[in-house]
Every structure is written in C-alpha cells, then in structure tokens.
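>>> Any chance you can model this:
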Amino acid sequence: MTSTQYLHPPRPLNPHGKPRRVGFEFEYVGLELRQAAEIVRDVFGGSIVEETEFHWRVLTPQLGEFSVECDSKFLKEKQYEAAASRLGVELSASDKARFAEVLAEHSDRIVPNEIVTPPLPLARIELMDELNQRFAGAVPDSQLSVAPCGLHLNIEVATWEVSWILAVLRAYSASYERIVRESDVSLLRRLFPYIKPYPAEYLELLERASYLPDRWRMIDDYANLVRTRNMGLDALPLFGFLAPQQLAEHDYLEQELIKPRPAFHYRLPDSRLGDATWNVADEWNQWVSVERIAEASELQRRRLVS
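Next up is the predicted model:
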C-alpha cells in the first residue's frame, strides 16, 4: 500500500459528541533523543525540556505535550545506579553524569527510543508523515532494520456500547492475518510475544453468533481468556477505564503496566520511522478498515434483531 490519504472512520465522534482523537507511539532507533526532540519541535512547534538524559519533552502551544524517551525503564528511570550500588560500586555525581552520557550516546543504536504524542484530533494526524519525512533525512539507512520497532495507536472509542466494542474486537480478529500480510509486519516482531493474535479459546467465543454479553461479562471473558496486554489489539486500557475495580480483581494481569484510557491500544503495525518509502497513513487506514468491517457487522446485527 502506498496511499498518503488518511481515511475517516465511520463514526467520527466520541461518546461525548466531540471529535475523536488518536495518540501515536513511535519506536525508533538510530537517532539520539535530543535530535529526535528537535525534529518533533520543528514539525509541531513549541519548546524542548530535558527531564533527564533519557527523557525529553516537547511542549507545543496547540497540541499539548510530546514525549521523547528511551523505551527502557532500566535507563529512563536510572535503575543502573541502583544496580551499581548492589554490586558495591558507589558512583559519584560526576561518575553518574558521565555514565549517563555514555549510555545515552550508544543506547539509541540498540535500545529502541520512543516518541509519544498527545491525543491528536483526526484532522491533524497527517502531520505524522511529515514527522517521518524529517526523520528520513536524519536516520542512517543502516539503522532502519537494526531493531524490530512498533507503532502503537491509542484510538479513542466512538461509543461505550458493548455491541460496538465487541464488533471492533471481532472485526480485528478476522482481519489480523490480512493486516499482517498487507502491512508486511516484521517477522522478528511476530516472533516476540508482543503482538500475538488472540488465543484460540477467545477467538472461538467471539465467533459465536450467540455471544451477546453485557459489559461485565465482556470484560471478564477478555481478562480470563486473553490474560495479557501483549496482543496486536490490547483492550485492557479501555476495560481498565470502563471498570477499574473489576479489572483489578484479575491479579494475574500486569496491573502496573495497564494505563487506563478511553481508547483501544492498537499495537500491531511496525514503525519504520525514518524510511522515506513508508507512511503512517497506510497503518492508520488499516485500522479504519477494521472499524468499517465492525460498522457493517453491527448494522447487520441490528437489522436481524429489529
């Protein structure tokens, strides 16, 4: 696919009747955090704030706060300092500063960094491809395939209706193999346990025409049968937003990693940030295709029950 037009989802408004928004998380390698933050500022405007060597913020006047950070808690939260202490190595302030400088200089070649956008209006998401083109002029070609990087989309839901949420989950599960094929999702990412298809038992449940749960049952079934956030479409942030106490009862889930939000966490696409032949529109349009399938199936269901 080589389209550059961002398609519109069937339902453009959120449950409050306002335009829906989507946040992007780009993993990338091959560019230092400062350089990446400068590119983000050049595309979106605003000012740069250095929180640490491994976490930068770009404050934009209209769109909100962007984060540019190392995608590793060990570095971002400076856990290496505690590790050194446990080994009996006490680092002075100057040692810590120098050590962090060396790590920051080399980590971008092997540990993915990440750009996290604020929730953006759909009318502004075409800027994502401008961001990619700016990266294309800065990232060495040799770095583009060093690490399997992902693009995550946090897509605000259109409604709280269980039937629509379920229709999206069904449409996504039916589209998984097609999207993997058409988007040419990296074999390495498919081998890692981060973007798995839903388990067979849950897929079987979704395929039952008689499966018409209420919200409690839908969330409980997902938590019991899926059991992890490492899915190409992760519904746990949405369910954590809708029913935080209910989700917290499932103590086997990685509760500390679930960030409740009124959005689907779509993790399947690759991020090829810096590849001039890639565009974000293609990945977004794959998601829109899922919502269109969901909308068609939901309209059909309503005809059958009316």
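
>>> for this protein, what spans make up the strands?
If DSSP state E is used as the criterion, the strands of the chain fall at 21-28, 47-52, 55-60, 64-70, 113-116, 120-121, 151-156, 233-234, 263-266.

>>> Can I get these in CSV including distance to residue 200?
Every C-beta, even on glycine, is put in place using the N, C-alpha and C of the backbone. Rendered in CSV, the data for those read as follows (distance: least, C-beta to C-beta, whole Å):
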stretch, distance to residue 200
strand 21-28, 28
strand 47-52, 43
strand 55-60, 40
strand 64-70, 36
strand 113-116, 32
strand 120-121, 36
strand 151-156, 25
strand 233-234, 16
strand 263-266, 21
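
>>> Give me the below-cutoff pLDDT ranges for this protein.
Where the chain drops to pLDDT under 70, the residues are 1-3, 72-111, 141-147, 301-302, 304-306.

>>> at 50 what do you get?
When the per-residue scores of the chain are filtered using pLDDT under 50, the ranges that remain are 1-2, 73-89, 95, 99-100, 102-103, 106-107.

>>> and the gap between the residue nearest to the spatial centre of it and residue 264?
Closest residue to the average C-alpha location of the chain: residue 152 at 2.0 Å, with C-alpha atoms, centre = their mean. Distance check for residue 152 against residue 264: by C-beta to C-beta, to the nearest Å, it reads 10 Å.

>>> swap in residue 116?
From residue 116 over to residue 264 the distance is 16 Å, taken as C-beta to C-beta.

>>> And for residue 294?
Separation of residue 294 from residue 264 (C-beta to C-beta): 11 Å.

>>> Mutual contacts of these two, please.
Overlap between the contact sets of residue 294 and residue 264, as judged by C-beta atoms under 8 Å, 6 or more residues apart in numbering, is given by residue 168.

>>> My guess is residue 134 contacts residue 42. True?
Yes - here residue 134 reaches residue 42: they are 6.5 Å apart, a contact under C-beta atoms under 8 Å.

>>> Out of the two, name the residue with the larger neighbour count.
In this view residue 134 and residue 42 are compared by other C-beta atoms under 10 Å, and residue 134 has more residues nearby, 18 against 13.

>>> measure the more buried one to residue 283 for me?
With distances defined as C-beta to C-beta, the gap from residue 134 to residue 283 amounts to 18 Å.

>>> residue contacts, the residue nearest to residue 295 when sequence neighbours are not counted?
Of all residues beyond its chain neighbours, the one nearest residue 295 is residue 10 (4.1 Å), with distances taken as C-beta to C-beta, 6 or more residues apart in numbering. The contact partners of residue 10, by C-beta under 8 Å, 6+ apart, come to 291, 292, 295.
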